[in-house]
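Colleague: how does the following fold in three dimensions:
(3 chains)
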Amino acid sequence: MMKPDRKNGTSLYRDAVYRLTKNRAAVVGFFCLIVLLVLSALAPLIAPYSFSAQDLALGASPPGPRHWLGTDILGRDLLTRVLYGGQISFLVGFSATAVSLVIGVLYGTVSGYCGGKTDAAMMRFIDIMYAFPFTIFVIILMVFFGRNIVLLFCAIGAVEWLTMARIIRGQVLTLKKQEYIEAAVAMGLSLHKIVLRHLIPNVLGPIIVYTTLTIPQVMLLEAFLSFLGLGVQPPMSSWGLLVKEGADSMEQYWWLLIFPGLALSITLFSLNFLGDGLRDALDPRTAKD
Amino acid sequence: MPLLSVTNLSTSFHSRRGTVRVVNSVGFNIDKGETLGIAGESGSGKSVLCYSLTGLVPQPPGTIESGEALFDGCDLLKCTTEKLRSIRGNRIGMIFQDPMTSLNPYLSIGSQLVEPLTIHRGLSKKEASARGIDALTEVGIQDAPRRMRQFPHEFSGGMRQRVMIAMALINNPDLVIADEPTTALDVTVQAQILDLIGALQHKHNSAVILVTHDLGVIAGICKRVMIMYAGRVLESGSAGQVLSRPRHPYTFALQKSMPAFTKRGNELYTIPGAPPDLSREIIGCPFAPRCEFKIDKCVNGPCQLLVHKDGHATACVRINDGDLLLDTKYRAGFTE
Amino acid sequence: MQKIVLEMDGIRTHFPLYRGLIVRRQRGQVRAVDGVSLSLAKGEVLGLVGESGCGKSTLARTIIHLAPPTAGKLFLHGADVTNPSPENLAAVRSNVQMIFQDPYASLDPRMTVFDIIAEAVLIKNRLSRKKLTGKVVALMEQVGLAPEFILKYPHEFSGGQRQRIAIARTLAMNPEIIIADEPVSALDVSIQAQIINLMAHLCRQRGLAMLFISHDLSVVKHVSMRIAVMYLGKIMETGPSEDIFAGPRHPYTKALLSAMPVADPEKERSRKRIILPGDPPSPINPPPGCPFHPRCPFAQKKCASTIPPLEPCADKPEQSAACVRKYDDELTG
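Modeller: Down below sits the predicted model:
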């Protein structure tokens, strides 16, 4: 039987935290994510070398006591590069997803809730945006505003919100017909309260699942853009870019692929477990008592 | 020899929270051409009972713990899946509750209707379609040849239930199991469908098991009635016996709580509490905690269905021991 | 005569049907509610009976401003509230509250009982957390819910208890009028009785007016003082409950009464049943003349051409019927 602190009252979110802590996979995922985040954030302090320090004489060397994860072709320490790369990847992953989340959820909710002509117009706009080639869109942005990492987040976020908006709209359309939403309208609840208190909590499940899918997607998109020379500039790097470079030379230097890949996979797994845990935790009906 | 003879049937569902005994030692007989009404509230096990008989209980999580259901010499609970499949839809027809979801929206009415014919009788498409048209006409659907080509969404709820009835009856089954066939329908359409079931049963001399929560529906067309509660049979007998002179406090209380039996403005009689949790073992009478006549032996003593001389059976210990008589005077307040 | 609190005058609620994806043309309309005039007095329970699709739920939604009327007027305490301004709408809404049919759908699954009831309380007045809790507990006690359930979620309750939560939420708004749309049809008989008693008790205690919508005649008969019978968006017959049940003047009412199952085999066998042919027609293409004439066992030629007005019967001014043959012995006898 679940027994959160019932004396001081409870809310969906407080219950959710309680339920989340009972989900072992989610807790482990959360923990791994925090460790990776902290390590990346503290990269300048804990990294053994400078991320751009080359040791051409050393070249690509396998993992050893001096370079724990080995070095790349230019003799740069891989551990340092993975730590610094994490900064970029997390930054892009979280901020671009946050941008897409905010725009997508609001746009989708409003579109679905208002319905009728507003909905039709808003959805046609999304269709047009979908048809727009992503690469060209980013190139145009770069040409106008110059290369800028913040702009990169915006560009990716501006593309990713489309799918989010569509998913949310579909959910809201079915939710809108639920009697409890009608009851809220009939009580005279204001629009923003209905959206914030009833609609969004009830679409949290799909939002969370889609968010955990978007973060890795965004990380890989960033790698693609960086590969085209539109993203992160060398000697700076990101996990996506490291994986890409590693993949090119994996036959000779396996460690160049394995370690960045491992960092990326652990992050993705953790996100997925955490996402699943959150989805279940936020739905009182799945409570395991 | 009865057409179907069920003895000691128990069905359980296993879940993380334990074993739920949904049907608990149920037994009954039904003769050819007879109509048996099984009444009970939601969770009384009446639907699971029917599913158990037709092998439609999902296993797992369900298991048929014990029992025997002899249908024309064949035990429905133990025979092979193939054998059961050859009986289902052929010698036993089924009508489900929701006509909106029990037809496949992507197949035409005709192709769904004649499916039992092509499967069990091996008829050619042409013969089957001719029989299908006859069957639709029989259930009162006009312009049957055209209707055969239409799809479920072009039919109203009442019409779909007619199609379901035609489908259940198309192989002239010996037994029809109707699970809440009119619950999803309006009163005037319900009257049509009950009328139709009665007429067709008479014509084909099929036995009908009618499962419902509405005692009124049972009073209309059933000869015999069985009242279920918490997976057990609490009372059974002829419709007149059970509904007019109930011998179990549960039936009695159910009737008293119906608005038709109370004058307007007066409080309705209410049964306190809620049905028991079936995942716990129930000693004694399952209705005892909510019963206004309960005494110690109801809660602690055994509780068995006992058939009286007039064929009216009840599981109430007090009535069986002769120390309780139910006063049916409340019916005087009943006004047409 | 009690004070009239709610009055509907010729309410029509039509929904347009469109065709075409880009250029949308109106192709027709669903005449869900087609000219309904009814009134509700203080403390009165008016039963609204009809089959599914007859427009009774749309009428309820029109009254609480969830579906705006196409024509007609709606009066609350004599004031026109057909198209209220946003400020008025809030006042109107807190005065007229609705109880929905399905207690499984009308409560937000992600809110606790406390949140659900408190939300309604807070619409009318801002309260401190402590006072709010007190008020919520008081409301729960009024509807017979133990206060220890306050932090449970709707899915942890049975159907009857959920309907109690919905009733508590309604009462939190302190309305004068309650629209109950099939409040007990999703419940078992034994639970039904509890909820009916509760609603009747609350209406008496608080002097609430209630529009009780149901397809179950025996329930309507038990709770209502007056009854209105609806068919295809129109009122067919209205009058005091006893009179309608004792002597219906409209063939549709007669058929409804005879189709109502009675849990008494002896009575059930002896009584004469009117089995109506076919299904109710579609409200997109209602038949000309009396909407009921294609299924009516008493229909005459003129029924197909004239729409009979809903007028009081000369011998029974309390009872009105919209039938050309309402004085006919064949029908009334």
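
Colleague: SS state for the spatially closest residue to C:I11 that is not a sequence neighbour?
Modeller: Residue nearest to C:I11 in three dimensions, not counting chain neighbours: C:G72, with 3.8 Å by Cβ to Cβ, 6 or more residues apart in numbering or on different chains. Every C-beta, even on glycine, is put in place using the N, C-alpha and C of the backbone. C:G72 falls in the strand class when you classify it by DSSP: H, G, I helix; E, B strand; the rest coil.

Colleague: wait, C:G72 sits on C:L38?
Modeller: No - distance between C:G72 and C:L38: 11.0 Å, which falls outside the contact criterion (Cβ atoms under 8 Å).

Colleague: okay, and the common contacts of those two?
Modeller: Taking Cβ atoms under 8 Å, 6 or more residues apart in numbering or on different chains as the criterion, C:G72 and C:L38 both touch C:M8.

Colleague: next up, the contacts around B:L278.
Modeller: B:V20, B:R21, B:V22, B:G43, B:A230, B:G231.

Colleague: cool, and C:I307?
Modeller: For C:I307, the set of contacting residues under the criterion of Cβ under 8 Å, 6+ apart consists of C:G289, C:C290, C:P291, C:A322.

Colleague: remind me which residues of the stretch 151-289 of chain A are low pLDDT?
Modeller: A:286-289 (pLDDT under 70).

Colleague: near chain C, which residues of it are found?
Modeller: Residues of the stretch 151-289 of chain A lying close to chain C by Cβ under 8 Å from any Cβ of the partner chain are A:178-180, A:182-189, A:197-198, A:201-202, A:282-285, A:287.

Colleague: residue of the stretch 201-333 of chain C nearest chain B, please.
Modeller: Evaluated by Cβ to the nearest Cβ, the stretch 201-333 of chain C has C:P261 as its residue closest to chain B, separated by 2.7 Å.

Colleague: that residue against B:H213, yeah?
Modeller: No - using Cβ under 8 Å as the test, C:P261 is too far from B:H213 to be in contact (11.6 Å).

Colleague: of the residues of the stretch 151-289 of chain A next to chain C, buried ones?
Modeller: Burial by neighbour count, 16 or more other Cβ atoms under 10 Å in any protein chain shown: within those this picks out A:178-180, A:182-189, A:197-198, A:201-202, A:282-284, A:287.

Colleague: let's see which of the residues you listed end up in helices.
Modeller: Counting by DSSP state H, those place A:E179, A:Y180, A:E182, A:A183, A:A184, A:V185, A:A186, A:M187, A:P201, A:N202 in helices.

Colleague: which residues does the third one contact?
Modeller: In this case it means A:E182. Residues near A:E182 by Cβ under 8 Å, 6+ apart: C:R61, C:L66, C:F100, C:S106.

Colleague: and what of the last one?
Modeller: Listed by Cβ under 8 Å, 6+ apart, the contact set of A:N202 reads A:Q171, A:L175, C:D108, C:P109, C:R110.

Colleague: want to throw those into TSV with secondary structure and distance to chain B?
Modeller: Output for the contacts of A:N202, formatted as TSV (DSSP: H, G, I helix; E, B strand; the rest coil; distance: Cβ to the nearest Cβ, whole Å):
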residue	secondary structure	distance to chain B
A:Q171	helix	22
A:L175	helix	22
C:D108	coil	23
C:P109	coil	20
C:R110	coil	23
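
Colleague: dump those residues into JSON lines; add neighbour count as well.
Modeller: Written out in JSON lines, the entries for these read as follows (neighbours: other Cβ atoms under 10 Å in any protein chain shown):
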{"residue": "A:Q171", "neighbour count": "20"}
{"residue": "A:L175", "neighbour count": "20"}
{"residue": "C:D108", "neighbour count": "25"}
{"residue": "C:P109", "neighbour count": "17"}
{"residue": "C:R110", "neighbour count": "25"}
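
Colleague: can I get those in JSON lines with distance to B:K256?
Modeller: Written out in JSON lines, the entries for the contacts of A:N202 read as follows (distance: Cβ to Cβ, whole Å):
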{"residue": "A:Q171", "distance to B:K256": "46"}
{"residue": "A:L175", "distance to B:K256": "41"}
{"residue": "C:D108", "distance to B:K256": "36"}
{"residue": "C:P109", "distance to B:K256": "35"}
{"residue": "C:R110", "distance to B:K256": "39"}
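
Colleague: which residues are in contact with residue 200?
Modeller: Picked chain A for this. Neighbours of A:I200 in contact, by Cβ under 8 Å, 6+ apart: A:V105, A:T109, A:I207.

Colleague: let me rephrase: I mean chain C.
Modeller: When contacts are counted by Cβ under 8 Å, 6+ apart, C:A200 is found next to B:E267, C:V45, C:V223.

Colleague: likewise for C:F75?
Modeller: With Cβ under 8 Å, 6+ apart as the criterion, the residues that contact C:F75 are C:L6, C:E7, C:M8, C:D9, C:V81.

Colleague: what about the nearest residue to B:I119 once chain neighbours are set aside, distance to B:H120?
Modeller: Leaving aside its sequence neighbours, B:I119 sits nearest to B:G89 (Cβ to Cβ, 6+ apart; 6.9 Å). Distance of B:G89 to B:H120, given as Cβ to Cβ, to the nearest Å: 6 Å.

Colleague: same drill for those two, tell me which one is more crowded.
Modeller: In terms of neighbours (other Cβ atoms under 10 Å in any protein chain shown), B:G89 is the more surrounded of B:G89 and B:H120; the figures are 20 against 17.

Colleague: show me where the chain has its helices.
Modeller: As the question left the chain open, I've gone with chain A. Under the criterion DSSP H, helices of chain A are mapped to A:12-21, A:24-41, A:43-46, A:78-114, A:116-131, A:134-145, A:149-176, A:179-187, A:191-193, A:200-227, A:239-248, A:255-281.

Colleague: my bad, chain C
Modeller: Taking DSSP H as the criterion, chain C carries its helices at C:56-63, C:86-95, C:113-124, C:129-142, C:159-172, C:189-206, C:217-223, C:241-246, C:251-259, C:265-270, C:329-332.
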